[in-house]
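K.L.:
Mind folding the following:
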Amino acid sequence: MNSKLRFLLASLVLSMLTFMVLFSCKKDPYAIGIDLLPPSDTLKVKTTDTCTVIAHTERVDSISTSNCSALSLGSISDPVFGNSTVSLYTQFQPSSSSVDFGTAPAVDSLILMLYYSGHYGDTLTQQRIRVFELAEDLHLDSGYYSNRQMQVYPNLLADMSFKPRPTDSVKVGSTMYSAHIRINLSKLNSYLANKLLYGPASVYLTSAMFNTFMKGLYIETQPVNNGGALLNFDISQSLSKMMLFFHNQTTDSLSYSFLLNTGCARYLHIDHNNYFNAEQGFKQQILNRDTLLGQNLLYLEGLGGTRIKFRMPYIMNLAKNQKIAINDALLLFENPSTDTTLKPPPNLILIRDSSGLVGSVIDELEGLNYFGGMYNSTNRTYYFRLTRHIQKLITGYYSINRELYIQVNDPLSNIIYPNRVTINGYKPAIPGAASSRFRLQITYTLLN
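P.N.:
Predicted coordinates for the structure are as follows:
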C-alpha cells in the first residue's frame, strides 16, 4: 500500500472517530452526570408539570410615561382588546438664545415635524389628530402617568387627517427627506406662530424662560373605528422639531427651529376607552373580575393595559415529608394566535409583589438568557426560569408566598411597548390545548 493511500485511510478513520465523539457528547445539560450515578440514584430525579398554578388577568391602572424614549401617537381598534388611543404632551426648546427676526417680520407658516421610527398595527387606516397649546407647566424632573390629562388653551391649532407613511420619503420643494409627518400649526389660525415671532427676545435666553412663555403642545389623537396603528417617532433625529417660517423687510425666506429632544419634558396620555369595544370574554375577566376565566385565556397588553397575576398556592407540598433540591423550574406559556399584524411583545417582565411594592425575582440576577421572558416566534412561546425563587420558597427563606405578575412594560424603564398577546390559560377547555397551558414544569432531586 503506497503512502498516499495510507494517508487517506488514516484521515478517514480519524474523521469517523471525531464524528462519533462529537455527536455522542450531546446531552441534556440538566442530565449531566446522571449516567455516572447508580441506577437507584437516578430514580431520585423527578420531573412534574402538575404543580397547581392559578392565574387571571387584571388591569394596570396606569404606567409612568415621563420622558419616554420614543414619542407615540395614534389609535388602534383591536378585535380582542378594543380601542386604544395614544396622545402626546411635550415641551420645545429654542435653538439659540440670541434671536433677531429682523424688521417687520411676518409669518409664512409654523410646521411641526416628527421623524418616524416605527409603527404597530395597520397603517392603511386614516388617522386624525388635533393640536392645542398647553396651559400648564411641564417639568423634566416630574413624574407623569399615562392617565393624567393637563389643561390646554381652547384655541385649536391644527385638525389633520392623514394616512401614515412611516417608510415613505417626503418631498419638500425640490428636496427629499426621510419619512416624517408634517403638521401645519398655522393653517387654521396664526395665533401660535405670531406669539413665537413677536414674543420678547428675552424669552429665548434660556429654555426655562421659553417654557414659561410657551409651555408646550398637546397632540390629541381621535379614536379610529377599525384597524389603525400606533406610530412611533424618534426625537434623537434632527427632523423632529417645530419650524417657524417667516420673512421680513429684507429677506423672503427665513426660518427658526424649536427643538424637540431629550431635554424637553414629555409624556404620553393613553386611553383604552374602558375596554368598551373589547371582546366579551376579555371584558368579563377584566371589567367584571371573573378570575375563573383565567383557566381558558389570559391577556397581556402594553401601554398600561393589562397584566397576568398568578400564584402557586400549594408549592410547599412539593417538599412535604421529603427533602428536595430544585434542579430547574420553568414557567411555560403559549400564544395560540397566528396574527402577524398585531405582533406579541418581544419581551415580557416578571415581578413579585413585595408588600405593595415592586420586587424582582432572584433568578433575574442570572441574566435574561437564563431567566427568560423573550418571545420564541417559531413555536409562539415564552418561559421564565424560577429555580432559585422556588428553592427559597420551599426552604422557608421567604416567609410569605407572594403573588407574581407578568406584564409588558417595565415600570423602571422609559421604553413603552404597545404590543399585546393572548395566552392559553392554566386549565383551557379548548381541545388539545392542555399541553400548551400556562404551567410550571419542575425538575428536582430527592435528598432523602
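K.L.:
Quick check: which ranges of the stretch 1-150 of the chain have low pLDDT?
P.N.:
1-43 (pLDDT under 70).
K.L.:
what about 90?
P.N.:
For the stretch 1-150 of the chain, applying pLDDT under 90 flags the ranges 1-44, 61-62, 69-70, 98.
K.L.:
All the strands of it, residue numbers only.
P.N.:
45-48, 54-59, 70-78, 82-90, 93-94, 106-121, 127-133 (DSSP state E, counting those that start in this stretch).
K.L.:
Tabulate these (JSON lines), appending mean neighbour count.
P.N.:
No exception for glycine: its C-beta is placed from N, CA and C like everyone else's. Below are those laid out as JSON lines (neighbours: other CB atoms under 10 Å):
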{"stretch": "strand 45-48", "mean neighbour count": "13"}
{"stretch": "strand 54-59", "mean neighbour count": "20"}
{"stretch": "strand 70-78", "mean neighbour count": "23"}
{"stretch": "strand 82-90", "mean neighbour count": "23"}
{"stretch": "strand 93-94", "mean neighbour count": "20"}
{"stretch": "strand 106-121", "mean neighbour count": "20"}
{"stretch": "strand 127-133", "mean neighbour count": "20"}
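K.L.:
Please name whichever of those is nearest to Val224.
P.N.:
The closest of those to Val224 is strand 70-78. By CB to CB, the value is 4.4 Å.
K.L.:
From the contact counts, what lies against that closest one?
P.N.:
Strand 70-78 sits against strand 82-90, strand 106-121, strand 127-133, strand 217-221, strand 227-234, strand 266-271, with contacts defined as 3 or more CB pairs under 8 Å, 6 or more residues apart in numbering; DSSP states H and E.
K.L.:
list the contacts for Tyr204?
P.N.:
Applying CB atoms under 8 Å, 6 or more residues apart in numbering, we find Tyr204 in contact with 94, 96-99, 210.
K.L.:
do Ser84 as well
P.N.:
Residues near Ser84 by CB under 8 Å, 6+ apart: 75-76, 78, 230, 270-273, 301, 303, 305, 418.
K.L.:
how does it look with 7 Å?
P.N.:
Counting by CB atoms under 7 Å, 6 or more residues apart in numbering, Ser84 touches 76, 78, 270, 272, 303.
K.L.:
which of the residues you listed lies closest to Leu393?
P.N.:
Closest to Leu393, out of all of the contacts of Ser84 and judged by CB to CB, is Leu303, at 32.4 Å.
K.L.:
just the helices in the stretch 151-300 of the chain please.
P.N.:
In the stretch 151-300 of the chain, the helices defined using DSSP state H, counting those that start in this stretch lie at 191-198, 207-213, 280-286.
K.L.:
Can I get those helices in JSON lines including distance to Leu297?
P.N.:
Shown next, in JSON lines, are the helices of the stretch 151-300 of the chain (distance: least, CB to CB, whole Å):
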{"stretch": "helix 191-198", "distance to Leu297": "47"}
{"stretch": "helix 207-213", "distance to Leu297": "46"}
{"stretch": "helix 280-286", "distance to Leu297": "7"}
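K.L.:
Dump those helices into a markdown table; add mean neighbour count, distance to Tyr398 and mean pLDDT as well.
P.N.:
Output for these, formatted as a markdown table (neighbours: other CB atoms under 10 Å; distance: least, CB to CB, whole Å; pLDDT from 0 to 100):
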| stretch | mean neighbour count | distance to Tyr398 | mean pLDDT |
| --- | --- | --- | --- |
| helix 191-198 | 18 | 56 | 97 |
| helix 207-213 | 16 | 47 | 97 |
| helix 280-286 | 17 | 28 | 95 |
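K.L.:
Which stretch among those approaches Leu259 most closely?
P.N.:
helix 207-213 (9.0 Å).
K.L.:
Redo the helices and strands packed on strand 70-78 as JSON lines? Include distance to Leu71.
P.N.:
Conversion of the helices and strands packed on strand 70-78 to JSON lines gives the following (distance: least, CB to CB, whole Å):
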{"stretch": "strand 82-90", "distance to Leu71": "6"}
{"stretch": "strand 106-121", "distance to Leu71": "7"}
{"stretch": "strand 127-133", "distance to Leu71": "12"}
{"stretch": "strand 217-221", "distance to Leu71": "9"}
{"stretch": "strand 227-234", "distance to Leu71": "4"}
{"stretch": "strand 266-271", "distance to Leu71": "7"}
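K.L.:
who wins for proximity to Ser186 among these?
P.N.:
strand 106-121 (4.3 Å).
K.L.:
So what are the sheet partners of the closest one and their directions?
P.N.:
Strand 106-121 has the following sheet partners, assigned by DSSP bridges: strand 180-184 (antiparallel), strand 227-234 (antiparallel), strand 241-247 (antiparallel).
K.L.:
what angle sits between it and strand 82-90?
P.N.:
Counting by axes from the mean of the first three to the mean of the last three CA atoms, to 10 degrees, strand 106-121 lies at 140 degrees to strand 82-90.
K.L.:
With distance to Phe384 as added columns, please give the strands of the stretch 1-150 of the chain in CSV.
P.N.:
Shown next, in CSV, are the strands of the stretch 1-150 of the chain (distance: least, CB to CB, whole Å):
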stretch, distance to Phe384
strand 45-48, 17
strand 54-59, 13
strand 70-78, 25
strand 82-90, 26
strand 93-94, 42
strand 106-121, 24
strand 127-133, 36
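K.L.:
Met242: which of the ones you listed is closest?
P.N.:
Each of those has some distance to Met242 by CB to CB; the shortest is strand 106-121, at 5.0 Å.
K.L.:
which residues make contact with the closest one from outside it?
P.N.:
Outside strand 106-121, the residues that touch it by CB under 7 Å, 6+ apart are 70-71, 76, 164, 166, 178-186, 190, 192-194, 197, 228-234, 237, 239-247, 341-342, 418-419.
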